[in-house]
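A.B. asks: pasted the sequence and its predicted model underneath.
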Number of protein chains: 2
Amino acid sequence: MVNEGPGSGIPDIVIGRLPIYLRALNRMLQEDKEYTSSHDLGQRLGISSAQIRKDLSHFGEFGKQGTGYNVSYLYEQIRHILQVDRQWPMAVVGVGDLGRAIANYRGFVPRGFRVVSLFDADPAKVGDRIGDLTVLSFEVMTTEIKRQGVQVAMVAVPAEAAQQVADQLVEAGVRAILNYAPIMLAVPEDVHVQYIDPVIHLQRMTYYLKP
Amino acid sequence: MVNEGPGSGIPDIVIGRLPIYLRALNRMLQEDKEYTSSHDLGQRLGISSAQIRKDLSHFGEFGKQGTGYNVSYLYEQIRHILQVDRQWPMAVVGVGDLGRAIANYRGFVPRGFRVVSLFDADPAKVGDRIGDLTVLSFEVMTTEIKRQGVQVAMVAVPAEAAQQVADQLVEAGVRAILNYAPIMLAVPEDVHVQYIDPVIHLQRMTYYLKP
DNA sequence: CTAATATTGTTCAACCATTCACATTTAGAC
DNA sequence: GTCTAAATGTGAATGGTTGAACAATATTAG
Ligand SMILES: NC(=O)c1ccc[n+]([C@@H]2O[C@H](COP(=O)([O-])OP(=O)(O)OC[C@H]3O[C@@H](n4cnc5c(N)ncnc54)[C@H](O)[C@@H]3O)[C@@H](O)[C@H]2O)c1
Ligand SMILES: NC(=O)c1ccc[n+]([C@@H]2O[C@H](COP(=O)([O-])OP(=O)(O)OC[C@H]3O[C@@H](n4cnc5c(N)ncnc54)[C@H](O)[C@@H]3O)[C@@H](O)[C@H]2O)c1
């Protein structure tokens, strides 16, 4: 995975915090909160106010001294920076228990993503309807992804199949993969991969669970 | 969330990498690989060999110069450090699509965790059987968690309910929470929380997806 | 209009994490 | 046995991130 966008010298760790800010701002919008401050935001997130100001300063000046930030304005600015002020069509590969939960999840659309196709290698599952999508066969994946211009995919297949799936996704033009299989993927430099493995998080906590 | 176990000065970021090492070592075991080296392991994980050696050096000397690490020995040592050389009983709160996928997931047991109880507030779901577990009502949660000595829980309820659920989990004695709801939880200092939100990961990648 | 308060954006110092480099040890070849 | 190649564990050097502090500016109250 690449660490920095070409040309922009903004640390990846900063980019990684923007979605967290965005989520908090969205919540504030729901609460009809009009203004916030770096202190207020930081409090909610367990992040220092200095860090929030510093992070934002990489991209411009979004606040007003004495007043703080207009929630809705800052929200839109960060959406723009992260390019989630649009809808990214997304493919889900592997329609097991997890893939099904993902396919049904209503939380993607309001945040910039829409699942537009589902793929599974199991012939018994091909043809199943989930929501308003039909599960397609692994064979048509490349064609279909190219046809729809999908650049973002989620992988929810068993670990053994994940690398092969990733290879084919990359070949089809996918540039960002969210991998649920508990295995590291080898991909070209310009393809981004993020990982979700709940066990990793759990094991990180048990270390501290001394009696 | 606390950043360090009391008394141990080991950086949390180091603890956070141990589960990743563990996962890779487990994979090597499956491949009947007897020895590995910091270089080999690092290669697979995209981490420098120096970092791996330094991380491990916090806990002892597990390798042999010239030879590297015995996979199975290192595996056991890290399992012990993380306290996953036992089975942590775990509760899942919220048996929607995601909670169901978690409850059915066979990947927890081999890595130190076992789902022992399921809770949901929806009366229509209480009584449902999932695998060999029955969904219990939210009302009996505290009692049941105390009875089973559960210290680890996963939260898969809507964001609006998550804080209330967390409060009750803490009250029941839970000390580690893995939260899938897209919201930050306020918990006492000595309770650990980890978060999983796929959208955060996706948004982090779209930043780099310039045409 | 002035003073008091709040808050930003930014500089700089302190801190933390990563990498380098090497002495040391081991295994294996000859 | 001796030599070579491989690899560890660690102290020192480097690089990156965070937090404290502050000048500048806006708002509010009197
Ligand atoms: N269920 C969970 O809560 C959970 C949690 C963490 C991680 N995971 C991981 O997510 C992945 C999926 O988990 P799951 O519980 O849904 O498993 P599952 O076995 O229910 O589903 C896997 C699906 O992938 C399909 N598949 C297999 N090979 C394929 C291929 N080459 N191309 C396309 N589809 C293929 C299978 O037909 C199946 O439908 C696994 O790697 C698992 O380790 C699951
Ligand atoms: N499905 C996904 O792929 C996915 C992905 C990311 C995050 N999430 C998050 O995970 C959570 C669950 O997602 P889901 O898709 O399973 O939602 P869901 O609506 O299918 O399930 C939520 C369940 O929680 C139960 N519930 C509500 N309030 C409760 C309470 N106070 N105590 C106990 N149970 C309660 C509901 O009865 C329901 O069964 C949500 O916060 C969602 O945002 C889901």
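C.D. replies: Yep, that arrived. Residues are numbered from 1 along each chain as shown, chains lettered A, B, ... in the order given. Ligands and ions are numbered 1, 2, ... in the order given.

A.B. asks: CA only for contacts and neighbour counts going forward, please
C.D. replies: OK.

A.B. asks: do stretch A:49-63 and chain B meet at all?
C.D. replies: No: with Cα under 8 Å from any Cα of the partner chain as the criterion, chain B is not reached by stretch A:49-63; the gap is at least 12.5 Å.

A.B. asks: swap that for stretch A:84-97, please
C.D. replies: Yes: using Cα under 8 Å from any Cα, stretch A:84-97 reaches chain B at A:84, A:97.

A.B. asks: check the burial of residue A:67 by counting its neighbours.
C.D. replies: Look at residue A:67: counted by other Cα atoms under 10 Å in any protein chain shown, it has 10 neighbours.

A.B. asks: my bad, should have said residue A:34
C.D. replies: Residues lying near residue A:34 (other Cα under 10 Å) number 12.

A.B. asks: just confirm it contacts residue A:72, I think it does.
C.D. replies: Yes: between residue A:34 and residue A:72 there is a contact at 7.1 Å, judged by Cα atoms under 8 Å.

A.B. asks: so what's residue A:186 up against?
C.D. replies: Residues near residue A:186 by Cα atoms under 8 Å, 6 or more residues apart in numbering or on different chains: residue A:163.

A.B. asks: in a helix, residue A:92, correct?
C.D. replies: No: membership of residue A:92 in a helix is not supported by DSSP: H, G, I helix; E, B strand; the rest coil, which gives strand.

A.B. asks: local confidence estimate at residue A:105?
C.D. replies: Listed pLDDT for residue A:105 reads 98.

A.B. asks: could you do residue A:151 as well?
C.D. replies: At residue A:151, the model reports a pLDDT of 98.

A.B. asks: ditto for residue A:210
C.D. replies: In this prediction, residue A:210 carries a pLDDT score of 87.

A.B. asks: biggest strand in chain A, by residue count?
C.D. replies: In chain A, assigned by DSSP state E, the strand with the most residues is strand A:113-120.

A.B. asks: does any part of that strand sit near ligand 2?
C.D. replies: No: Strand A:113-120 does not reach ligand 2 (Cα under 6 Å from any ligand atom); its nearest approach is 11.2 Å.

A.B. asks: now the longest helix seen in chain A: buried residues?
C.D. replies: When chain A is parsed with DSSP state H, its longest helix is helix A:12-30. By 16 or more other Cα atoms under 10 Å in any protein chain shown, the buried positions in helix A:12-30 come out as A:14-16, A:18-26, A:28.

A.B. asks: overlap between those and the residues near chain B?
C.D. replies: Answer for these near chain B (Cα under 8 Å from any Cα): A:15, A:16, A:18, A:19, A:20, A:23, A:24.

A.B. asks: biggest separation within the residues you listed, which pair?
C.D. replies: Greatest spatial distance in those: A:15 and A:24, 15.2 Å, computed using Cα to Cα.

A.B. asks: and the residue nearest to residue A:19 when sequence neighbours are not counted, what does it touch?
C.D. replies: Leaving out its chain neighbours, the residue that sits closest to residue A:19 by Cα to Cα, 6 or more residues apart in numbering or on different chains is residue B:200, at 5.4 Å. Counting by Cα under 8 Å, 6+ apart, residue B:200 touches A:16, A:19, A:20.

A.B. asks: what's the helix or strand for residue B:200?
C.D. replies: helix B:198-206 (DSSP states H and E).
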